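Trainee: just to be clear, the model below is a prediction. Sequence and coordinates:
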Amino acid sequence: MTDERSREEQTSTELKLGYIGLGNQGAPMAKRLVDWPGGLIVFDVRTEAMAPLAELGATPADDVTDVARAADVISVTVLTDAQVRDVVGELAAHARPGTVIAIHSTIEPDTAGELAERLHPQGIHIVDAPVSGGAGAADKGELAVMVGADEEAYALVKPVFKKWASMVVRAGEPGAGTRMKLARNMLTYIGFAAACEAQRLAEAAGIDLQKLGRVVRHSDAQSGGPGAIMVRDDTTPLQPDHFVYDMFVHTRGLAEKDLRLALGLGKATGVDLPLAKIALRDLAAGLGVPHTTSTVKE
């Protein structure tokens with residue numbers, strides 16, 4: 001790699017990688033990059049966090065500035081939006097045109113787009129690339145990454161990301177990756193709240209919660225869980241000739257029947273089930289099909 005060659009002219013494997021933030025998520029992601037042909041430079045405020053990667057062949061940096069001056073594609077995995085802004089600001093002060101800064105932290109929806117617009121005149125690309133799957137998936141190279149990037153930056157980061165992700169999705173321009181991640185995480189945590197509600201009902205009805213959990217994990221693995229219905233291009237009401245209309249009508253019928261039965265059990269056991277009431281009220285419209293002919297009641 002020579003100074004005369006622009007980063008756009010280099011092949012992806014010639015690029016030198018940088019990684020900032022070696023915590024529970026960042027460390028296993030960076031570990032999968034240590035054999036990158038162009039080399040890897042890493043930085044964390046905790047010197048001890050860099051040691052295992054240095055032993056594997058990565059170059060430890062003294063500070064963020066070292067990473068900015070050495071690396072072509074720089075991943076950032078820190079905790080907060082404010083920390084992201086600070087790190088990106090330091091990098092931008094020393095990075096060369098063509099540098100790609102990839103933010104893997106979950107940040108405010110507008111931050112990536114704002115930073116991308118601010119740094120565009122310097123020729124610096126901002127990519128927001130939050131991940132899903134946790135440290136275990138990172139260690140196995142099986143994360144999903146949702147990328148907000150212009151086409152040029154996406155072409156550079158995709159082969160890098162594929163070292164630690166088994167699914168790389170371009171969500172759109174900078175900022176789109178974060179918006180996709182927020183929707184994905186919202187589903188997770190609403191699902192957790194629903195699981196807590198289901199456990200309260202089961203406990204009141206005398207059910208062993210450990211056994212219930214085993215059944216839920218097993219059946220979700222077979223059915224796909226909530227992701228199984230996420231197959232449409234939009235959320236408008238479905239026409240009867242739509243390819244999922246009959247399936248969703250069937251799902252709605254089963255759901256409304258079972259939700260009414262669960263609400264009845266909740267009433268009998270004295271357990272309030274607010275999420276079940278919302279599901280009974282809203283699921284049909286969410287699926288894009290009519291309610292059953294019977295009146296929806298709480």
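Mentor: In hand now; what should we look at? Numbers count the residues shown, from 1 in each chain.
Trainee: which neighbours in the sheet does the biggest strand by length in the chain have, and how are they oriented?
Mentor: In the chain, taking DSSP state E as the definition, the longest strand is strand 165-172. Strand 165-172 pairs in its sheet with strand 143-148 (parallel), by DSSP bridges.
Trainee: okay, the angle between the helix or strand following the partner strand and strand 143-148?
Mentor: Sequence-wise, the next helix or strand downstream of strand 143-148 (DSSP states H and E) is helix 151-161. Put simply, helix 151-161 runs at 170 degrees to strand 143-148, going by axes from the mean of the first three to the mean of the last three C-alpha atoms, to 10 degrees.
Trainee: can you give me the strands for this structure?
Mentor: Counting by DSSP E, the strands of the chain are 17-20, 40-43, 59-60, 73-76, 100-103, 125-128, 131-132, 143-148, 165-172.
Trainee: longest helix of this structure?
Mentor: In the chain, with assignment by DSSP state H, the single longest helix is helix 176-204.
Trainee: residue ranges with poor pLDDT in this protein?
Mentor: Counting by pLDDT under 70, the ranges of the chain that qualify are 1-13, 293-298.
Trainee: could you list the domains of it?
Mentor: Split into domains by automatic domain parsing, the chain comes to 7-174, 209-287.
Trainee: for these, give me CSV that also has mean neighbour count.
Mentor: Every C-beta, even on glycine, is put in place using the N, C-alpha and C of the backbone. Output for those, formatted as CSV (neighbours: other C-beta atoms under 10 Å):
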stretch, mean neighbour count
domain 7-174, 19
domain 209-287, 14
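Trainee: export the ones you listed as CSV, with columns for distance to Lys181.
Mentor: Formatted as CSV, those follow (distance: least, C-beta to C-beta, whole Å):
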stretch, distance to Lys181
domain 7-174, 4
domain 209-287, 15
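Trainee: mind checking those domains for the one nearest to Glu197?
Mentor: domain 209-287 (5.0 Å; C-beta to C-beta).
Trainee: endpoint to endpoint, the closest one covers what distance?
Mentor: 29 Å (C-alpha to C-alpha, to the nearest Å).
Trainee: next one: that domain to chain centre, how far?
Mentor: Centroid separation for domain 209-287 versus its chain: 23 Å, with C-alpha atoms, centre = their mean, to the nearest Å.
Trainee: try stretch 72-90
Mentor: Chain-centre distance of stretch 72-90: 17 Å, with C-alpha atoms, centre = their mean.
Trainee: how about stretch 112-119?
Mentor: That offset, for stretch 112-119, works out to 20 Å (C-alpha atoms, centre = their mean).
Trainee: ok, now stretch 89-108?
Mentor: 19 Å.
Trainee: once you drop chain neighbours, what's closest to Leu283?
Mentor: Distances taken as C-beta to C-beta, 6 or more residues apart in numbering place Ala255 nearest to Leu283, at 5.4 Å, with adjacent residues excluded.
Trainee: now swap in Glu90 and tell me
Mentor: Val64 (4.3 Å).
Trainee: ditto for Asp44
Mentor: Asp44 sits nearest to Leu22 (C-beta to C-beta, 6+ apart), 4.1 Å away.
Trainee: which residues touch that neighbour?
Mentor: Contact analysis of Leu22 by C-beta atoms under 8 Å, 6 or more residues apart in numbering lists Ala30, Val42, Phe43, Asp44, Arg46, Ala49, Met50, Leu53, Thr77.
Trainee: hmm, the first one is touching Ala54, no?
Mentor: Spelled out, it's Ala30. No. Between Ala30 and Ala54 there is no contact under C-beta atoms under 8 Å: 11.0 Å.
Trainee: measure Asn185 to Gly134 for me?
Mentor: 12 Å (C-beta to C-beta, to the nearest Å).
Trainee: so Thr80 is in contact with Ser105, correct?
Mentor: Yes. Contact criterion C-beta under 8 Å: Thr80 and Ser105 qualify, at 7.4 Å.
Trainee: next, Thr77: phi, psi?
Mentor: The phi/psi pair for Thr77 (degrees, to the nearest 10) reads phi -130, psi 90.
Trainee: any chance you could list what contacts stretch 26-33?
Mentor: So stretch 26-33 is contacted by 17, 19-20, 22, 40, 42, 44, 49, 52-53, 56, 58, 75, 77, 104, 131, 135, 138-139, 141, 143, 160, 163-164 (C-beta under 8 Å, 6+ apart).
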